[in-house]
Structures are given as structure tokens and as C-alpha cells.
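In: Show me how the following folds:
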Amino acid sequence: MTDKPLDSAGNPEEFWFNLKTNRVEFGKLTAASYRIGPFGTEAEAKNALKLVAERTTKWDEEED
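Out: Numbering: from 1, shown residues only. Down below sits the predicted model:
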């Protein structure tokens, strides 16, 4: 069981990074095409672009 607020489907709400506004959102407030996530904390969501860049670099290195 979680102590996080639940959405209408009963799933825990999470943090997302909105690519259109460059802001963190709590819950699925925007269309999926503008969201990166989900993240467990606001701090992780704030670093979304950095995390994505690091993961991309890592995957690129693994392909070589």
C-alpha cells in the first residue's frame, strides 16, 4: 500500500516533467507527448532532462 494520493484509476500519482512548459507537474495534467516520467519525487522530475541525456549517453556507449 502507498501513502501517495491516488488518481481516478486508483494508481499512485507521480511527478512528471512537462516538455512544453519546462515545469514539473504532479499527476498526468498534460498530454503524454509533452510529459517525461513518471518520477517518484519532485527533485527527480526537475532533473528529467539531465537524466534522459545521461541515459541516452549510456545506451549509446552500450551499443558500441
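In: Count the residues that sit near the nearest residue in space to G27 that is not next to it in sequence.
Out: Spatial nearest neighbour of G27, excluding adjacent residues (Cβ to Cβ, 6 or more residues apart in numbering): E13 at 4.6 Å. For glycine as for every other residue, the C-beta is placed from the backbone atoms N, C-alpha and C. Per other Cβ atoms under 10 Å, the neighbour tally for E13 reads 15.
In: Show the contacting residues for E13.
Out: Applying Cβ atoms under 8 Å, 6 or more residues apart in numbering, we find E13 in contact with 4-7, 26-27.
In: And for F15?
Out: For F15, the contact set (Cβ under 8 Å, 6+ apart) comprises 24-26, 37-42, 44-45.
In: circling back: what about the contacts of E13, which are in strands?
Out: Taking DSSP state E as the definition of strands, these contribute F26.
In: Report the two of the contacts of E13 separated the most.
Out: L6 and F26 (12.5 Å; Cβ to Cβ).
In: Before I go, just wanted to say thanks for your time.
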